[in-house]
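Chemist: Take a look and give me a structure for this.
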Amino acid sequence: MNMDCNSLSHIHLTKDEMLSPHDWKGNMDLLNIVLVGITNDIPDHEGKYEMHRLIGALLSSELKEQEKLDIIEHEYNIPISNELRENVRIMCNLSIGIEEKATEKSSRDQ
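Modeler: Below is the predicted model of the structure:
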């Protein structure tokens, strides 16, 4: 989060022969890296930003637990199990705890 804009990059490996070529066994395309940049503003639900919206909603400190669950269920048609509900609750409480600790530390340091 905290990116200037939502972004998505695909980084993949290429094979450069430095010495004698060798035909390696296995799929050389297995290792891929995807970097996802998320802003603090949750984008509208549109095709190219679907993943950004879902991740942004889950990680948002601005949305309440039920708002996150509504986005997951109604916009992405993901069934809300008790386990998922509990995990979202834990995640929300964790972000509140982190914020409280940061505020407390800031107060002590002044």
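Chemist: element containing Ala102?
Modeler: Per DSSP states H and E, Ala102 falls inside helix 82-109.
Chemist: Show me what that helix packs onto, helices and strands only.
Modeler: Other elements packing on helix 82-109 under the criterion 3 or more C-beta pairs under 8 Å, 6 or more residues apart in numbering; DSSP states H and E are helix 50-59, helix 65-70. Where C-beta positions appear, they are placed from N, C-alpha and C, glycine not excepted.
Chemist: Partner strands of the lowest-mean-pLDDT helix or strand in the chain, with direction?
Modeler: Least confident helix or strand of the chain, by mean pLDDT, DSSP states H and E, is strand 32-37 with a mean of 77. Here strand 32-37 has these sheet partners by DSSP bridges: strand 7-12 (antiparallel).
Chemist: Can you give the contact residues for the strand it pairs with?
Modeler: Residues from elsewhere that reach strand 7-12, judged by C-beta atoms under 8 Å, 6 or more residues apart in numbering: 29, 31-37, 51-52.
Chemist: Pull the residues that contact the least confident helix or strand of the chain.
Modeler: Residues outside strand 32-37 that contact it (C-beta under 8 Å, 6+ apart): 3, 5-13, 51-52, 55.
Chemist: and if we set it to 10 Å?
Modeler: 1-13, 51-52, 55-56 (C-beta atoms under 10 Å, 6 or more residues apart in numbering).
Chemist: again with stretch 72-92
Modeler: With contacts defined as C-beta under 10 Å, 6+ apart, stretch 72-92 is touched by 45, 50-51, 53-54, 57-61, 63-66, 68-71.
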